[in-house]
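Participant: next come a sequence and a model predicted from it.
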Amino acid sequence: MTGPIEEYRSNDKGLGYDDGEERFLRIGVGVVENPEEEDYRWRHSYKVVDPGEWTIRRGANWIEVIQEVAEPTLG
């Protein structure tokens with residue numbers, strides 16, 4: 001197994017999902033397409049359009065994982 005185990009959600013949805021934009025952010029996954037649908041499906045595999053750049057630093061008893069995405073509409 002590699003990578004984050006689960007995405008992080010805001011209001012039980014991806015960040016920006018309810019904004020009506022073409023894309024939203026699934027923290028820990030990346031920028032994904034926002035299809036027309038009735039409600040957010042957290043188990044659904046949305047199409048990833050930008051996985052972001054990952055930086056991982058680790059020490060003897062710690063780890064730091066940083067994900068950076070460049071999506072202007074997401075702030």
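Facilitator: In hand now; what should we look at?
Participant: ok now stretch 62-73, how far from the chain's centre?
Facilitator: Computed by Cα atoms, centre = their mean, to the nearest Å, the chain-centroid distance of stretch 62-73 equals 9 Å.
Participant: buried residues in that stretch?
Facilitator: Buried positions in stretch 62-73, judged by neighbour count with 16 or more other Cβ atoms under 10 Å: 67, 69, 71. Backbone N, C-alpha and C define where each C-beta goes, glycine included.
Participant: ok, now how distant is the first one from residue 40?
Facilitator: This means residue 67. In this structure, residue 67 and residue 40 are 20 Å apart, going by Cβ to Cβ, to the nearest Å.
Participant: so among the buried residues of stretch 62-73, where is pLDDT lowest?
Facilitator: When those are compared by pLDDT, residue 71 scores lowest at 73.
Participant: low-confidence stretches in this protein?
Facilitator: In the predicted model of the chain, residues 1-7, 72-75 satisfy pLDDT under 70.
Participant: closest to the centroid, which residue in it?
Facilitator: Nearest to the mean C-alpha position of the chain, by Cα atoms, centre = their mean, lies residue 26 at 2.0 Å.
Participant: doesn't that one belong to a strand?
Facilitator: Yes: assessed by DSSP: H, G, I helix; E, B strand; the rest coil, residue 26 belongs to a strand.
Participant: wait, isn't it in contact with residue 45?
Facilitator: No: Residue 26 is beyond contact range of residue 45, at 10.2 Å (criterion: Cβ atoms under 8 Å).
Participant: hmm, back to that, the residue nearest to the centre of the chain and residue 60, how far apart?
Facilitator: 31 Å.
Participant: can you check residue 31 too?
Facilitator: For residue 31, the distance to residue 60 - Cβ to Cβ - is 34 Å.
Participant: those two: who's more crowded?
Facilitator: Taking neighbours as other Cβ atoms under 10 Å, residue 31 and residue 60 compare with residue 31 leading, 24 against 4.
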